[in-house]
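A.B. asks: Coordinates for the following, if possible.
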Amino acid sequence: MAAETNSLPVTAPQSPKARASFGDRLIIALAIICTFIAFSPFGYAILTSFKSQWKEGSIIPFVQFEPNLQNWQTEFGSGGPETFKALRNSTLISLGATLVATTLGTLAGYGLARFKYGVGNRNLVSWFLSQRFLPPVATLIPFVLMFRDLKLLDTLPGMVIVNATFTLPFAVLIMRDYFADLPPEMREAALVDGASEFTTFLRIALPLARPALVASTLICFAFAWNEFLFASVLANRDWKPYPMLVAGSDTVRGIDFGFVTTRMLIAVTAPVILSLMVQRFIVRGLTFGAVKG
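C.D. replies: Presented below is the predicted three-dimensional model:
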């Protein structure tokens, strides 16, 4: 009996390092799967933009096609004037709305972080946050009536105002959280040295808040660039942005998916390039103060 017991195989306990390496491999596999799911729409769009409408007789239409530049040539050839005008409109509207929202949001964020107000800072922050929960369609008719009386329909100032209105809460909340996490001793030292409140904000707080400023600027620009609802009602001729051009890609024969994906890829190019250029500022600006020891 003892011999039989001794002859049984002995399994060595799994080391913590082996368990950790299995966990790491599992995380990497899940990350690869999630990345594939996230980028698969862009892969489909890129493939579709280089092919014409599906032809009869193809067994696998996603694979069996001859790549061509017909959609891109149409977009920048015969449709070039309309395309460039829509891109110009989107650029001017987005830059104007971003400038207004970021400027006002930075000032409001600093004020909420450094001063106390009678109605309560928490109530003010909650009010700004509530603007993002308000359905934009609920304010559409009031905007139309106001802009009609002010003669701002289908104008650049009107589109800048409406886009800045709905991107302003992002700038206020991001900048407020960043300014609140800055050491108050720096502000107090500057005030003791004779600097005014505005000088302290301009020369000390604002340079330190550059990552948050870049993050809020990019977020405001992306939301203004992608805005479609208000543009479809408030700008129907001279100041149509590019998203309206993408939505109007259907023809009398149906939707030309190759043409739609071409315009979609053009539409996402600007925000993607800006994100890659300032990626390190975005990560730092959005995560500053998230983890405190």
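A.B. asks: Spell out, range by range, the helices that occur in the stretch 151-293 of the chain.
C.D. replies: 156-181, 184-192, 197-200, 206-208, 210-226, 229-234, 242-247, 257-277, 279-287 (DSSP state H, counting those that start in this stretch).
A.B. asks: And those: which comes nearest Glu82?
C.D. replies: Within those, the stretch nearest Glu82 is helix 242-247; the backing value is 6.8 Å (Cβ to Cβ). Quick note: C-beta positions are derived from backbone N, CA and C, even for glycine.
A.B. asks: in that closest one, what's buried?
C.D. replies: Across helix 242-247, burial judged by 16 or more other Cβ atoms under 10 Å covers Tyr242, Pro243, Met244, Leu245, Val246.
A.B. asks: Can you tell me how far the third one is from Phe143?
C.D. replies: Applying Cβ to Cβ, to the nearest Å, one obtains 17 Å for the distance of Met244 from Phe143.
A.B. asks: before we move on, what about Asn123?
C.D. replies: From Asn123 to Phe143 the distance is 25 Å (Cβ to Cβ).
A.B. asks: And Ala224, by the same measure?
C.D. replies: Distance from Ala224 to Phe143, by Cβ to Cβ: 15 Å.
A.B. asks: quick one on the thing from earlier: between Asn123 and Phe143, which is the more surrounded one?
C.D. replies: Shown here are Asn123 and Phe143; by other Cβ atoms under 10 Å, Phe143 has more neighbours (19 against 10).
A.B. asks: where does the more buried one fall, helix, sheet strand or coil?
C.D. replies: Using DSSP: H, G, I helix; E, B strand; the rest coil, the structure places Phe143 in helix.
A.B. asks: Do I have it right that it meets Leu229?
C.D. replies: No: using Cβ atoms under 8 Å, Phe143 is not in contact with Leu229; the gap is 10.4 Å.
A.B. asks: Excluding chain neighbours, give the residue nearest to Leu112 in space.
C.D. replies: Nearest non-adjacent residue to Leu112, counting by Cβ to Cβ, 6 or more residues apart in numbering: Arg176, 4.6 Å away.
A.B. asks: wait, I meant Phe257
C.D. replies: Using Cβ to Cβ, 6+ apart, the nearest residue to Phe257 is Thr48, at 5.5 Å.
A.B. asks: From Lys240, how far off is the one you found?
C.D. replies: Separation of Thr48 from Lys240 (Cβ to Cβ): 24 Å.
A.B. asks: Out of the two, name the residue with the larger neighbour count.
C.D. replies: Neighbour comparison, Thr48 and Lys240: the larger count goes to Thr48, with 23 against 20 (by other Cβ under 10 Å).
A.B. asks: ok, then the element right after the host helix or strand of that one?
C.D. replies: Using DSSP states H and E, Thr48 maps to helix 16-49. Per DSSP H and E, helix 16-49 leads on to helix 70-76 as the next helix or strand towards the C-terminus.
A.B. asks: List the buried residues in that next one.
C.D. replies: Within helix 70-76, the residues scored as buried using 16+ other Cβ under 10 Å are Gln70, Asn71, Trp72, Thr74, Glu75.
A.B. asks: what's it packed up against?
C.D. replies: Helix 70-76 sits against helix 257-277, with contacts defined as 3 or more Cβ pairs under 8 Å, 6 or more residues apart in numbering; DSSP states H and E.
A.B. asks: Who are the packing partners of the helix it packs on?
C.D. replies: helix 16-49, helix 70-76, helix 80-114, helix 210-226, helix 242-247.
A.B. asks: hmm, try it at 10 Å
C.D. replies: In terms of contacts (3 or more Cβ pairs under 10 Å, 6 or more residues apart in numbering; DSSP states H and E), helix 257-277 is packed against helix 16-49, helix 70-76, helix 80-114, helix 210-226, helix 242-247, strand 250-251, helix 279-287.
A.B. asks: what's the burial count for Phe128?
C.D. replies: By other Cβ under 10 Å, the residues close to Phe128 number 19.
A.B. asks: typed the wrong thing, it's Ala195
C.D. replies: Counted with other Cβ under 10 Å, residues neighbouring Ala195 total 16.
A.B. asks: ok, it - contacts?
C.D. replies: By Cβ atoms under 10 Å, 6 or more residues apart in numbering, the contact set of Ala195 is Arg187, Ala189, Phe201, Leu202, Arg203, Ile204.
A.B. asks: one step back: looking at the helices and strands packed on helix 257-277, which one is packed in the most?
C.D. replies: Using mean count of other Cβ atoms under 10 Å, the stretch among the helices and strands packed on helix 257-277 with the greatest mean number of neighbours is helix 210-226 (a mean of 22).
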